[in-house]
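Participant: quick one, what's the 3D model for this:
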Amino acid sequence: MITTGKTALFIISPENFRDEELNIPRKALTDAGVSVTIASTRRGVAIGMNGHAEQVDFTIEDITGENYDAIAIIGGVGAQIHLWEEEKLVEIVKRHHRLGRVVSSICLSGVVLAKAGILAGIKSTVYKNEVSLEKLRSYGAIYVNRSVVQEGNIITASGPSAAREFGQKLIRALNIG
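Facilitator: Reported below is the predicted structural model:
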């Protein structure tokens, strides 16, 4: 297998993450030679909304001092419950953004990027519902109704149907595809 030396951190909720939002972009990145680490709010088996079981060996606390080339926060209804208010995750997003790394979200997890302040004044997308749109706008994000939006090193995607395009945008942003 080809390795690029590039690393990506995928953050999932411990339950009810969107399976395809994790699996499709992860496969695209690993096929492109990127080393992918999965983390969550707790270790153990995380279960996706469609039943995918993912072994999680790292918590957000474990990776607070690590730096990755890209971060992808995965959505699903579990993101709203487990990730939106996770202060350590917000700190990780801010740090990686300051370092000029790729910071991304798909589906409902876009609220984490908004809360970190990195979407203020820029175009972005999110899984569209009343709560997610209100949160995005309350942090100054400019919502656009598109599958995937890239503004510099920030990539946001609308949901499961955008998973393939999201993965491809991540690869291009890492300058490997």
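
Participant: from here on, just use CA atoms for contacts and neighbour counts.
Facilitator: Noted.

Participant: where does pLDDT dip in the protein?
Facilitator: Low-confidence regions of the chain, defined here as pLDDT under 70, cover residues 1, 177.

Participant: what ranges do the strands span in it?
Facilitator: Residue ranges of the strands in the chain, as given by DSSP state E, are 7-11, 15-17, 35-40, 44-48, 53-56, 58-59, 70-73, 102-106, 123-124, 142-143, 148-151, 154-157.

Participant: ok now do Q150, which residues does it touch?
Facilitator: Under the criterion of C-alpha atoms under 8 Å, 6 or more residues apart in numbering, the contact partners of Q150 comprise 124, 156, 169.

Participant: out of those, flag the one nearest to V77.
Facilitator: Proximity to V77 was ranked across the contacts of Q150 by C-alpha to C-alpha; first place goes to T156, at 16.6 Å.

Participant: quick one: that closest one and K123 touch, right?
Facilitator: No - in this structure T156 lies outside contact range of K123 using C-alpha atoms under 8 Å: 9.1 Å.

Participant: just the helices in the protein please.
Facilitator: Using DSSP state H, the helices found in the chain span residues 19-31, 77-82, 87-98, 110-115, 130-138, 163-173.

Participant: quick check: end-to-end length of stretch 61-69?
Facilitator: Start and end residues of stretch 61-69 are separated by 18 Å (C-alpha to C-alpha, to the nearest Å).

Participant: that one: how far from the chain's middle?
Facilitator: Using C-alpha atoms, centre = their mean, to the nearest Å, the distance from the centre of stretch 61-69 to the centre of the chain it belongs to is 14 Å.

Participant: mind listing what's buried along that stretch?
Facilitator: Residues of stretch 61-69 classed as buried under the neighbour-count rule (16 or more other C-alpha atoms under 10 Å) are 63, 67-69.

Participant: distance to V90 added to the residues you listed, as JSON lines?
Facilitator: Output for these, formatted as JSON lines (distance: C-alpha to C-alpha, whole Å):
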{"residue": "I63", "distance to V90": "12"}
{"residue": "N67", "distance to V90": "14"}
{"residue": "Y68", "distance to V90": "15"}
{"residue": "D69", "distance to V90": "17"}
